[in-house]
Every structure is written in structure tokens, then in C-alpha cells.
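Asks: Everything below, folded, please.
(one chain, ligands or ions: 1)
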Amino acid sequence: MSNDNIVKYGYFPVPRDPDVLFKDHPTAGGPDPQQASYTLAEIPFPDSELVRRSKAFVEKKLNEPTFNHSHRVYVYGTALVKKHFPDWKYDDEAYYLSCLFHDIGTADAYLSTTKMSFEFKGGIVAREFIIQHGGEEDLADAICEAVIRHQDIFVKGGNITAIGQVLQLATIIDNVGIRANLLSTSLIEATVAAFPRLKWSGCFASVINKELALKPWCHTSTFEIPNWKEGVPSNFAGDVLKNSLMNNFE
Ligand code: ZN
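Replies: Modelled structure (predicted):
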């Protein structure tokens, strides 16, 4: 494995627990953090042959609300890093590919055709696609790992890769509204205008309910009571539907 790729593909370790990550943070700590405020022109999307092919692939598989969500996650995550973690110098393409593929496992082509949890299937689909289309193995592995771990939000100890952490922070902002105060309202407004939510909260809640019903063993069940059974309302779907901040933009 190339040592250069540890930084380039965002492998460098950061604390998994955001409470640890943000404790005594100079710009993002405390109850009144500074906000990342950028125009969308300041957060351009990476462009390469691999990006274009990946984007075409996921756009065909995902529904429009999920495709738009994946782009908001890129904008929110990149803004967070630009403002609050300026020394995290990974290649934006690695994070953009992670965003594009992170929910590919929820596509109709995969969610009910595999018994595997959607994050794991999605990580494998992403890894195979990236290698088949000329991406380095270190890049494919970085994306695979970030996608597999992107809903591991109850892990308190240890570390995660930097792009894995950014993907977690940004998806939670868009899905549940947690730590959205790290971003300016103008940035959120511009992002939802460019990539409309199209009732994303309801769309994602229905995916959660569908996967729980199909695969009660799935990774998403970690959000639920032990021994969760069909008929018990999902905590996670409930939290997604209660996203009071983002629901203003539905
Ligand atoms: Zn997502």
C-alpha cells in the first residue's frame, strides 16, 4: 500500500466519536460554533473520467431524491472540512465517490435482491465498479470502507478514516439535522435549491422500514430496540421523519 495514498484517499485516522472530535475544537466546539458559509461555486464537484462514469452508473440505479441527497452530502461534508478541519488534505474525488455510492445499496437493484445489509452490499458494489473502471485499489478500498461504516454511529471508541467521518457527519446533518449549526443557513438554502430534497425524509424512512421488514438482522436494526420485530415502530425512521430543520425545505 502506498503511504501517499493514506492522505490522498482520506485514510488518516480521526476519532470516531464526534463528541471527542469536537471537544475543545477551536471553531466548531461549544454551543455557539462558527458556521461554514460558502457559495456553491466555492465547492465545485470533482470531475474525471472515473467520476463521470460513476455518476452515470449511480444516476441510473438511484431514485432522484437519493441522488440529490448524495450531492447535498458532498456539499455539506466538504464545507465542514474546509471550515473546521482545514488540515484534512484528502483528494475531493475520493470523498465525492464515497458520496455518490454511499446509498447505492438502497437501489431497487440491490436492497431486496441481497440478504446483506445495504451499507455492506453498497460498499462491495462501489469497490467492484471503481476497480473495473480504472481506479486504484487503495481508492476503491477507501470508498468501500467509508460506505460500509457510514451508519456506525453508535461506536464510541477508537478511530475511523477521515473520509468515513466526513461521510457520517454529513449524512447525519441531511438525514436527522444533528450539528447542522456548523453550516450557515445560506449554504443549506443554496444546497437544497440546487439539489432539492423531494421529500427525502419520507423516502429514506420508507427505505429503513423496507429493509427492516425484509432483513430484521440488518445493520440498520442497530438503531432499534434489541430483538426488534416487524410491527414495532422504527426509532430510526421516526428520527428521520422528525428532522425539524431539514423538513422546512421538503
Ligand atoms: Zn445517505
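
Asks: what's the next secondary structure element after the longest helix belonging to the chain?
Replies: Ranked by residue count, the top helix of the chain under DSSP state H comes out as helix 64-84. Moving toward the C-terminus from helix 64-84, the next helix or strand (DSSP states H and E) is helix 92-101.

Asks: what's around residue 202, how many residues?
Replies: As a burial measure, residue 202 scores 16 neighbours (other CB atoms under 10 Å). From N, CA and C alone the C-beta is placed, and that goes for glycine too.

Asks: going forward can the numbers begin at 48, since that is how I track them
Replies: Okay, residue one is now 48; in that scheme the one you just asked about reads as residue 249.

Asks: okay, the host helix or strand of it in CSV with CA atoms only?
Replies: When elements are defined using DSSP H and E, residue 249 is found to belong to helix 247-261. Included here for helix 247-261 are C-alpha records, laid out as CSV according to Å, rounded to 0.1, in the frame of the first residue of the first chain:
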residue,chain,number,x,y,z
TRP,A,247,-36.2,12.9,1.2
SER,A,248,-37.1,12.4,4.8
GLY,A,249,-40.2,10.2,3.8
CYS,A,250,-38.2,8.5,1.1
PHE,A,251,-35.4,7.5,3.4
ALA,A,252,-37.8,6.5,6.3
SER,A,253,-39.5,4.1,3.9
VAL,A,254,-36.2,2.6,2.8
ILE,A,255,-35.4,2.0,6.5
ASN,A,256,-38.8,0.4,7.1
LYS,A,257,-38.5,-1.7,4.0
GLU,A,258,-35.0,-3.1,4.9
LEU,A,259,-36.0,-3.8,8.5
ALA,A,260,-39.0,-5.8,7.3
LEU,A,261,-37.0,-7.7,4.6
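
Asks: Could I get the average pLDDT for that helix?
Replies: In this model, helix 247-261 has an average pLDDT of 96.

Asks: Now do the longest helix of the chain and helix 139-148, the angle between them.
Replies: Between the axis of helix 111-131 and that of helix 139-148 there is an angle of 150 degrees, by axes from the mean of the first three to the mean of the last three CA atoms, to 10 degrees.

Asks: Return the list of helices and strands in contact with helix 111-131.
Replies: helix 96-108, helix 139-148, helix 209-223, helix 232-241, helix 247-261 (3 or more CB pairs under 8 Å, 6 or more residues apart in numbering; DSSP states H and E).

Asks: Please identify the buried residues of the helix or strand bottoming out on mean pLDDT in the chain?
Replies: Among the secondary structure pieces of the chain, namely its helices and strands, helix 291-294 has the lowest mean (mean pLDDT, DSSP states H and E), a mean of 82. Within helix 291-294, the residues that qualify as buried are 293, 294, counting by 16 or more other CB atoms under 10 Å.

Asks: wait, does that helix make contact with the ion?
Replies: No: using CB under 5 Å from the ion, helix 291-294 never reaches the ion; the gap is at least 12.5 Å.

Asks: got the contact list for that helix?
Replies: Taking CB atoms under 8 Å, 6 or more residues apart in numbering as the criterion, the residues outside helix 291-294 that touch it are 221, 222, 224, 227, 239, 244, 247, 248.

Asks: any idea which element residue 171 lies in?
Replies: Secondary structure (DSSP H and E) places residue 171 in helix 165-179.

Asks: Quick one: mean pLDDT for that helix?
Replies: For helix 165-179, the per-residue pLDDT averages 98.

Asks: same thing with stretch 109-116?
Replies: Stretch 109-116 shows a mean pLDDT of 98.

Asks: picking up where we left off before, how about the helices and strands packed on helix 111-131 in JSON lines, adding distance to the ion?
Replies: Written out in JSON lines, the entries for those read as follows (distance: least, CB to the ion, whole Å):
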{"stretch": "helix 96-108", "distance to the ion": "12"}
{"stretch": "helix 139-148", "distance to the ion": "8"}
{"stretch": "helix 209-223", "distance to the ion": "5"}
{"stretch": "helix 232-241", "distance to the ion": "14"}
{"stretch": "helix 247-261", "distance to the ion": "7"}
